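J.: got a predicted structure plus its sequence, pasted below:
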Amino acid sequence: MALSSAGRHILRTTCCTVRRFQCRSKAVYSAVHGFNEEDIRGKLLAFPGGSVDLVKQDSGIAVMTINNPARMNAFSGTMMIELEERVTQLEEWTEGKGLIVQGAAGTFCSGSDLNAVRAISNPQDGMKMCMFMQNTLTRLLRLRLISVAMVEGMALGGGAEFTTSCDFRLMAPDSVIQFVHKHMGLVPGWGGAARLVRIVGSQNALRLLGGAKKVDPEYGTQIGLASGVLNPANGTSALAEAEQWLAQYTKGPAAVIRAVKQVVVSGRELPLEEALRTEKDVFGTVWGGPANLAALASKSKHK
Ligand SMILES: CCCC(=O)SCCNC(=O)CCNC(=O)[C@H](O)C(C)(C)COP(=O)(O)OP(=O)(O)OC[C@H]1O[C@@H](n2cnc3c(N)ncnc32)[C@H](O)[C@@H]1OP(=O)(O)O
């Protein structure tokens, strides 16, 4: 039966609402936790500046750019809102396989815009901003895309936290990741401490947070925070090198790469039995699928 245009509109709207609900359900805080997203959005809108740009490429790798160079790519209020919107776009990008996050003009991000921090320095607003950013960065880490933070220059405070919401971190020579929160009388609030402990272990996390220790590429590699060091050869940009590095994991059909990411996220986040059940469900999506059948038909040897 053909649908009328009104019927198609209702169907489209319902699908969008369902998708939005599914996206929100990947977040940490909702109304149940007293989180009112519209309220904090209204407050963040009062602190404009910069942008978060997204380019989705035919290769299946998207590039996100934190863009506020006049303030060393600090996150203004409107950038926090834009980041949430970009993550929603990536959640809906079913052909995507990988994501590179970079800062504009050769430096990653200097954290929260201190002008906004000063203006909303009361604990209630601080916690609302913290819940908003935790939701967004948790959804970013849970994307079915293999993600890399490409760190050039500095990643400070919230910028350092942001790097932990990617699966990997590649550091350029002379770059620094520093959780400067202690010097600001703070602890991480964008989920950076919880993620850091899972990446480098609690002892190293204590060193980085308790000592606000600068992490250069060498130390980053030693403790497992950096997954690699960029060394762009003549004529190759850091971004091109990062894309090449990421391609080793994103080569192949999107359905398979996305399934890989999904089983890793569930393995990392869920209790064992739940993770096993998820793995079974994800396995069912690729078993007998086009890539699996093609591999069986080609009788490929894994030498
Ligand atoms: C839960 C989240 C917690 C947080 O993220 S709290 C914020 C943590 N980040 C910081 O405290 C960074 C403070 N900034 C700095 O230490 C230095 O500016 C930094 C990044 C080392 C760069 O130093 P320099 O290379 O000497 O450059 P500069 O200081 O002249 O900065 C250039 C312009 O950028 C501005 N800027 C840098 N970081 C900012 C920030 N986070 N918020 C707002 N504005 C920021 C800085 O004020 C300066 O602006 P202007 O040219 O003076 O108008």
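T.: Here it is on my side, so go on.

J.: how many residues are close by whatever residue of the stretch 1-150 of the chain ends up closest to the ligand?
T.: Closest approach between the stretch 1-150 of the chain and the ligand, counting by CB to the nearest ligand atom: Gly111, at 2.3 Å. Every C-beta, even on glycine, is put in place using the N, C-alpha and C of the backbone. Counted with other CB atoms under 10 Å, the neighbours of Gly111 add up to 29.

J.: same thing with Val55?
T.: Other residues within reach of Val55 by the criterion other CB under 10 Å amount to 10.

J.: the ligand contacts on the chain?
T.: On the criterion CB under 6 Å from any ligand atom, the ligand has as its neighbours in the chain the residues 71-72, 74, 110-115, 117, 154, 156-158, 180-181, 184, 186, 189-190.

J.: surely Leu44 touches Met80?
T.: Yes. Counting by CB atoms under 8 Å, Leu44 does reach Met80; the two are 5.3 Å apart.

J.: now do the shared contacts for the two.
T.: With contacts defined as CB atoms under 8 Å, 6 or more residues apart in numbering, the residues adjacent to both Leu44 and Met80 are Met129, Phe132.

J.: what about Gly284, distance to Arg277?
T.: When distance is defined by CB to CB, to the nearest Å, Gly284 is 11 Å away from Arg277.

J.: show me where the stretch 201-303 of the chain has strands.
T.: Counting by DSSP state E, counting those that start in this stretch, one finds strands in the stretch 201-303 of the chain at the ranges 228-229.

J.: any chance you could map the helices in it?
T.: Along the stretch 201-303 of the chain, counting by DSSP state H, counting those that start in this stretch, helices occupy 202-210, 217-223, 238-250, 254-269, 272-286, 290-298.

J.: now tabulate those helices in JSON lines and tack on mean pLDDT and mean neighbour count.
T.: Rendered in JSON lines, the data for the helices of the stretch 201-303 of the chain read as follows (pLDDT from 0 to 100; neighbours: other CB atoms under 10 Å):
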{"stretch": "helix 202-210", "mean pLDDT": "98", "mean neighbour count": "17"}
{"stretch": "helix 217-223", "mean pLDDT": "98", "mean neighbour count": "18"}
{"stretch": "helix 238-250", "mean pLDDT": "97", "mean neighbour count": "17"}
{"stretch": "helix 254-269", "mean pLDDT": "98", "mean neighbour count": "17"}
{"stretch": "helix 272-286", "mean pLDDT": "98", "mean neighbour count": "13"}
{"stretch": "helix 290-298", "mean pLDDT": "95", "mean neighbour count": "11"}
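
J.: Gly98: which of those is closest?
T.: Judged by CB to CB, the one of the helices of the stretch 201-303 of the chain that comes nearest to Gly98 is helix 238-250, at 4.1 Å.
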